[in-house]
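1. build me a structure from this.
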Amino acid sequence: MKWLTASLRVKFFLMTFVLALATIATMSFLQSRVLSQLLESGFRSSSIETSAKIGGDVDGVLQRWALSTVYLLQGIYPLPAAQQKEELQRLIDVEKDFTAGDVFLEDAKTFKVVNSYAKDDSKESLKRTESAQSWLEKNRLKNPDRLFFVDIGSRPAALRIGRGIPINVAEGKLFWIVVEASKAPIGSLLALQEGMKTVILTEAMQDFLAGKPLTPELSKVIKARRLEQLMKLDLSSGFFGSFNDDKGAAWQGSYYRLPFSGLTLILQQREDILFAPLRYQLMQTAKWALLILLIAALVSFFSAEALINRLESVTLATNEIAKGHFSTRINVKGNDEIKQLSDSVNAMAGQLVDHLNSEKDMIRLENELNVANEVQGSFIPLEFKQDGTMVLASSYRSASECGGDYWSHYVIAPNTHMLLVGDATGHGLPAALVTAIAYATGHLCSQLPETAASGFISPAMILELLNKALYDSLKGKLCMTFFACIINTKSNTLTYSNGGHPFPFVIPRDSNDERLKTGKRKAKPYIVLSDIKKNGQPLGFDPTSVYQNSVQEFLPGDRMIMYTDGIVECFNPEQKQWGSRNLEKSLTKNLNLSPVLFRDRIMADMEEFRNNTPLPDDATLVVISSDSLEEAA
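-> Numbering: from 1, shown residues only. Sure, this is the predicted structure:
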């Protein structure tokens, strides 16, 4: 696997390929979610409409039968008993769906059989009549205001309808007819397509057509979805979601309350059939995704090949120059960073030729090249670091998987320390990309040759270089606040430049230090590095921005505190910010502690205030001191 880590071509190709794969996977996932939601929403509406249509057809049949019985009751009531029976017989014989009928007179809640007739006039007629009378009495007792009832019949293939008309309201007299009808007309309305099934529920929550209690499976669903309570609220229709049958098949269902009969129709549909269009669409999406991924792989391969070939020409030329062939020149076309790098190498080679006659210059140049090739530090330094008398104690808290804070420390020359701290807009992956540019720029600045670093590089120049790099890369879409300083422990100076970053603090060792005196106001135990006139704007907005240097005394034993705004902008559970005032109180309270304890106490104060509330932004705190190692701990 050595080729995988050594080849820039492979790295570039894999980076592009993985990015394309992640993009396609994300888009496919989002598309499937949207399609699933749209399909489910459409199914809800379609399911309710279908159940309402079927329920309306069933209710229409029951209404037609009820109307026929009303006409019969109104016609036979004044007739003699013999003619009443003839009219009843005629209705039962003419109405092909009716199989039997019984006429009752209700007088003061007492029922009397007036006439009975059945197409199949058997010995069971008397039992049927008694059963009809008992059923009618029970329903009238339960619902004294209703004049229409429908329920399961006395035979498996029949249903029972009861219809009454008032004769004398004052005396409580009503004329009733109870007929038994075939279930076939209603059953024919429920013949649906594959993957769909219906059940009609009586008010007693029984299977109307099967003439028996509901299956345990359906009873469990109705109980879980509280369908019985919904029907009692007289909700005409609704959707009660997904459920699994005893075979593990997933179903979705809706219900419709038949307004005339009081029955409830349950419509169930198989999810695998419903979502078949979605599966087909996902398969098509997957095919296109694979094709796009293949195209992306080819594009990334050829793009990497063109880029790496130019870099290889630079690498070969630098190898030749390293061997002493200083006449070697690089010929790279274009106007990008690789062209700039090749021009720099060519210029370097020309300068090397000028120093061939001087052994001292050759040694110095060789040292400079060695220094320039050394790798400095890591992206985020360790929480404790000491370089001579310079002690650094830091804490870094990220608000997400990818942070937007950055800080670094480099020893760029003897007695000369370069310190950088920055905060990219927001946090997450975009902010991390900004910090990567900052790290590369800072690292590049730290790699400049030693004599050039001490006489050429400055905090303001670092900010200008990083500002241009950010703008060229991101075109002003993201920005970064930044503070850079160079501490010279020999001259006891702190040279700094600020690009919109929170002002650092300098705490003198002596609380009576002349630098702390501010006139009549009570002196604070720290100095704020807030040179407003020279403070620049955040980096990445304007490539022409100018940044200036400021100088502050930094005596042995002094301490500097750098931080990002995530420290002061954290919230507690009551949504109150910790704020700069609380940070300053913590500095004042703990300033006599060692750098490590000083850092720990400040972070502990912040964490106590935050009380596990999520950080809205990354939080970084860096304490820099010239204390000895014993004092640092």
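
2. the helices in the stretch 201-350 of the chain, which residues?
-> With DSSP state H, counting those that start in this stretch, the ranges of helices along the stretch 201-350 of the chain come out as 216-224, 227-232, 271-274, 276-322, 337-354.

3. need these in a markdown table (columns: mean neighbour count, mean pLDDT and distance to residue 434).
-> Just so you know, the C-beta spots here come from the backbone N, C-alpha and C atoms, and that holds for glycine as well. Putting those into a markdown table (neighbours: other CB atoms under 10 Å; pLDDT from 0 to 100; distance: least, CB to CB, whole Å) gives the following:
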| stretch | mean neighbour count | mean pLDDT | distance to residue 434 |
| --- | --- | --- | --- |
| helix 216-224 | 15 | 73 | 52 |
| helix 227-232 | 16 | 62 | 55 |
| helix 271-274 | 15 | 72 | 46 |
| helix 276-322 | 14 | 73 | 22 |
| helix 337-354 | 14 | 73 | 17 |
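
4. wait, which of those helices is closest to residue 48?
-> helix 227-232 (13.0 Å; CB to CB).

5. pipe the helices of the stretch 201-350 of the chain into TSV and attach distance to residue 178 per row.
-> Converted to TSV, the helices of the stretch 201-350 of the chain look like this (distance: least, CB to CB, whole Å):
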stretch	distance to residue 178
helix 216-224	28
helix 227-232	24
helix 271-274	41
helix 276-322	47
helix 337-354	95
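
6. look up how far residue 622 lies from the one residue sitting closest to the centre of the chain.
-> The residue lying closest to the centre of the chain (CA atoms, centre = their mean) is residue 30, at 10.9 Å. From residue 30 over to residue 622 the distance is 40 Å, taken as CB to CB, to the nearest Å.

7. what's the answer for residue 246, then?
-> Distance from residue 246 to residue 622, by CB to CB: 65 Å.

8. the two: which is more packed in?
-> Using other CB atoms under 10 Å, the more surrounded residue of residue 246 and residue 622 is residue 622, with 25 against 9.

9. these two touch, right, the more buried one and residue 392?
-> Yes - contact criterion CB atoms under 8 Å: residue 622 and residue 392 qualify, at 6.6 Å.

10. can you tell me the average pLDDT over the strand or helix carrying residue 438?
-> Per DSSP states H and E: residue 438 is located in helix 429-446. In this model, helix 429-446 carries a mean pLDDT of 87.

11. now do the buried residues in it.
-> By neighbour count on 16 or more other CB atoms under 10 Å, the buried set for helix 429-446 is 431-435, 437-439, 441-443, 445-446.

12. how about stretch 133-144?
-> Neighbour-count burial for stretch 133-144 [16+ other CB under 10 Å]: 133, 135-136, 139-140.

13. and this protein, what are its domain boundaries?
-> 77-185, 378-632 (automatic domain parsing).

14. any idea which of those scores lowest on pLDDT?
-> What stands lowest among these, in mean pLDDT terms, is domain 77-185, with a mean of 84.

15. quick one, strands of the stretch 501-633 of the chain?
-> Secondary structure of the stretch 501-633 of the chain (DSSP state E, counting those that start in this stretch): strands at 505-507, 527-528, 550-553, 559-563, 619-625.

16. can you redo those as a markdown table with distance to residue 65?
-> What follows is those, written out as a markdown table (distance: least, CB to CB, whole Å):
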| stretch | distance to residue 65 |
| --- | --- |
| strand 505-507 | 92 |
| strand 527-528 | 92 |
| strand 550-553 | 98 |
| strand 559-563 | 84 |
| strand 619-625 | 77 |
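
17. and these: which comes nearest residue 97?
-> strand 619-625 (79.8 Å).

18. and the helix holding residue 438, what does it pack onto?
-> Other elements packing on helix 429-446 under the criterion 3 or more CB pairs under 8 Å, 6 or more residues apart in numbering; DSSP states H and E are strand 405-413, strand 416-424, helix 459-474, strand 480-488.

19. redo those as CSV? Include distance to residue 593 and mean neighbour count.
-> Below are the helices and strands packed on helix 429-446 laid out as CSV (distance: least, CB to CB, whole Å; neighbours: other CB atoms under 10 Å):
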stretch, distance to residue 593, mean neighbour count
strand 405-413, 21, 23
strand 416-424, 21, 26
helix 459-474, 28, 21
strand 480-488, 21, 25
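
20. how about TSV for those, with distance to residue 505 added?
-> Shown next, in TSV, are these (distance: least, CB to CB, whole Å):
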stretch	distance to residue 505
strand 405-413	15
strand 416-424	13
helix 459-474	17
strand 480-488	12
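
21. closest to residue 563 out of the ones you listed?
-> strand 416-424 (7.7 Å).

22. what angle do the closest one and helix 429-446 make?
-> 160 degrees (axes from the mean of the first three to the mean of the last three CA atoms, to 10 degrees).

23. what helices or strands is strand 416-424 leaning on?
-> Going by 3+ CB pairs under 8 Å, 6+ apart, strand 416-424 lies up against strand 405-413, helix 429-446, strand 480-488, strand 559-563, strand 619-625.

24. strands paired with that strand, and their directions?
-> strand 405-413 (antiparallel), strand 480-488 (antiparallel) (DSSP bridges).

25. and those strands: which comes nearest residue 571?
-> strand 405-413 (17.6 Å).
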